[in-house]
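[1] this is a predicted model, with the sequence first.
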Amino acid sequence: MSTVQYELSGNVAILRMDDGKANALSNAMMDALDEALDRAEREAAAVVLTGRPGKFCAGFDLRQMMAGVEQARALVSRGAQLLLRLYALPLPLVIASTGHALAGGALVVLTGDYRISVRGSAFRVGLNEVQIGMPVPILAMELARDRLEPRHLIRSTLFATVVDPEAGVDAGWLDELVGDEAALATAAHAHATRLASLPRDAYAKTKSALREKTIRYIRDTLAEDMLRLTPPVT
């Protein structure tokens, strides 16, 4: 069974991560996301990326991260390619966060063009790398620099501050909160449909122009970035 469920609703591709656990970014999950994105680029005019109820994405697979330095670097390097693909996706990308979005999962949130979660929930979003003994990757800092409110950048990276959805809107992690899971799915689909109505070529070229410098810098520094990476402290 695939860890990513694919549904085409009108002209919107809905990609639902579900590994039966915390939706960690394992190699299997990332391969499944790439396959689903390939299909979406062929069939759809916009994409919604979500999780199952209560689970969005817990970040990179801890078992693979703890297997050793080389394994951790290989996994995060693979993840960087997926994150950049999401960030540069020529289709509108709406993130519907259904649960915790930590470390790599928070970066998935930042790749979205429009990002929604549920109001008043116990979910948390943020980069907790420093808290667990890892340096924050350059790619994470650059995505955070691009998408977060500047006054929150230090707190969100150096201080390893994770926040609830309400504070996440203030910090720039999220654009909108809704009342419950059903409203989340409805709002995400509505925003994706609205964005899909914009001329595709103009949308893709404008998005590329907005993000190309960040993407180029991340790619240029990725090898150096991986040399700085160490697995989390147990």
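    Looks like it arrived, so ask away.

[2] flag the shaky bits of the protein, pLDDT-wise.
    For the chain, the stretches with pLDDT under 70 are 1, 233-234.

[3] can you show me the helices along the chain?
    Using DSSP state H, the helices of the chain run over 27-43, 62-65, 69-88, 104-110, 138-147, 153-157, 165-171, 181-196, 200-228.

[4] ok now the fifth one, how far from the chain's centre?
    Going by Cα atoms, centre = their mean, to the nearest Å, the spacing between the C-alpha centre of helix 138-147 and its chain's C-alpha centre is 12 Å.

[5] between that helix and helix 69-88, how big is the angle?
    Interaxial angle of helix 138-147 relative to helix 69-88 (axes from the mean of the first three to the mean of the last three Cα atoms, to 10 degrees): 30 degrees.

[6] got the buried residues for helix 138-147?
    If you call a residue buried by 16 or more other Cβ atoms under 10 Å, then helix 138-147 has these buried ones: 138-144, 146-147. (Each C-beta comes from the backbone N, C-alpha and C, glycine too.)

[7] against Ala40, how distant is the residue positioned nearest the centre of the chain?
    Geometric centre of the chain, nearest residue: Val108, 0.6 Å, by Cα atoms, centre = their mean. Applying Cβ to Cβ, to the nearest Å, the value for Val108 to Ala40 is 15 Å.

[8] count of neighbours near the residue lying closest to Ala88 once chain neighbours are set aside?
    Spatial nearest neighbour of Ala88, chain neighbours left out: Ile215 (5.8 Å); criterion: Cβ to Cβ, 6 or more residues apart in numbering. Other residues within reach of Ile215, judged by other Cβ atoms under 10 Å, total 19.

[9] likewise for the one 5 residues further on?
    Using other Cβ under 10 Å, Asp220 has 11 other residues around it.

[10] wait, Thr230 sits on Met134?
    Yes - contact between Thr230 and Met134 holds when scored by Cβ atoms under 8 Å: they sit 6.1 Å apart.

[11] picking that back up, distance to Ala80 for the buried residues of helix 138-147 - can I get that in CSV?
    As requested, these are exported to CSV (distance: Cβ to Cβ, whole Å):
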residue, distance to Ala80
Ile138, 10
Leu139, 5
Ala140, 9
Met141, 13
Glu142, 11
Leu143, 10
Ala144, 14
Asp146, 15
Arg147, 16
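
[12] pick the one among the residues you listed closest to Tyr114.
    Arg147 (11.6 Å; Cβ to Cβ).
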